[in-house]
Structure formats: structure tokens, C-alpha cells
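Undergrad: Following is a predicted model, sequence given first.
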Amino acid sequence: MTVTPRLRALVVYESMFGNTAKVADAVARGLRLEDVDAGAVEVGAAPTRLPTGIDLLVVGAPTHAFSLSRPSTREDAVRQGAPSECAPLGLREWLESVRLDDAALPDLAAFDTRVTRVRWLPRSAAPTAAKLGRRRHLTIVSKPIGFLVEGLQGPLVDGELERAVAWGRRIGATSVERSAVAG
């Protein structure tokens, strides 16, 4: 009997007011419920080289000006009350610079948080992150998804953490299935 190795996932997130961090933790919890070894890490503490053996990379960030944050939009968030330690590095910069093992590229899934007054956005952080991932030759395994926040600083809308766990379970199950077919 051959034992399939357990899949490993890394959830890397940017969070200005803590809401995206809560979603990232919920997504990691959903992945673990599908027997995926998953942990979440804030982008400033994320590795500069993706560890060997990561099968799935999940990235998440707040939507700033219809996209991923930039240094200027993070500084704006700090002026509006976000901790200053959130400003130096964003998910955009990390995705563009993280070193990947070209022989074993992970799959990618992306999420964002956005304020409720703009539930549908013509552009947002998650699709931008997915686009950056495709440029790095990562395979997107799920349509980018957004989670809703009440106002700029939150809190998350009721039920969003449960949605995040469910989404984590879906992408975990998809990844496990893809691995079984490939294996």
C-alpha cells in the first residue's frame, strides 16, 4: 500500500487592521480540516524563498484603490490608524520577489478583503494577486474570492469567517484531489 504524502500549504497575508489576518487563519483552519498541513504567516515575516515541499500557496490582502496595496496606500492606512509595522512590505512586493523552486512550483489561490459599501469591484486585490502568480508560472486552482469588512477598519461581516473556512476546505479538497490524480 502506497501512502500519499500529506500536502503542505502556506497562507501568506497582508493585513492593515487585522481583518485579513483573521480570514487567513480561517482559510488555514479549513485547509487543515481537509488534512492539508497549513499555516498562516504575515507577509513581513514570510520567507524570501518559498520552502521546499509547499504544494499550495494561498495569498490574501486588503483591497487598496482597486488592487493590491502599494507603499503609498499602506502609508495612507497608517494615517488612518493602522499600525506602522504593517507599512514596509506588501503582498505585491512579496509575490514579485519571493524565490521559487522552478522544478516544484506550488499551486496558487488568492483572496482579498473589501468594504461592504463596494461589494462588487471592477478590480480588487485577489485577481491582481492571481495575475502576479500566473506571471510567476503558478497554476491558479480557485477563482479569486473576496471577504467583506464593515468600513475601513472592520469588523468582518457576520459569517465571513465561516465562508473563509469553507473556502479553505474547498481549495484543500481540490488540491488533495489534484495531487491524487497526478500521483
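TA: Good, I have the coordinates. Residues are numbered from 1 along each chain as shown.
Undergrad: secondary structure class for the nearest residue to Tyr13 once chain neighbours are set aside?
TA: Leaving aside its chain neighbours, Tyr13 sits nearest to Ala24 (3.8 Å; criterion: C-beta to C-beta, 6 or more residues apart in numbering). For glycine as for every other residue, the C-beta is placed from the backbone atoms N, C-alpha and C. In terms of secondary structure, Ala24 is helix; the call rests on DSSP: H, G, I helix; E, B strand; the rest coil.
Undergrad: what residues are up against Ala24?
TA: Taking C-beta atoms under 8 Å, 6 or more residues apart in numbering, we find Ala24 in contact with Val11, Tyr13, Ser15, Ala40, Val58, Gly60.
Undergrad: Pick out the most distant pair among those residues.
TA: In those, the most distant members under the criterion C-beta to C-beta are Ser15 and Val58, with 13.9 Å between them.
Undergrad: which one of these two has more residues nearby?
TA: A side-by-side neighbour count of Ser15 and Val58, using other C-beta atoms under 10 Å, places Val58 first with 31 against 21.
Undergrad: The helix or strand where Ala61 lies packs against which elements?
TA: Counting by DSSP states H and E, the secondary-structure element that holds Ala61 is strand 56-62. Using 3 or more C-beta pairs under 8 Å, 6 or more residues apart in numbering; DSSP states H and E, the elements in contact with strand 56-62 are strand 8-13, helix 19-33, helix 91-97, strand 107-115, helix 125-135, helix 160-182.
Undergrad: Now with 7 Å, please.
TA: When contacts are defined as 3 or more C-beta pairs under 7 Å, 6 or more residues apart in numbering; DSSP states H and E, strand 56-62 packs onto strand 8-13, helix 19-33, helix 91-97, strand 107-115, helix 125-135.
Undergrad: All set now, cheers.
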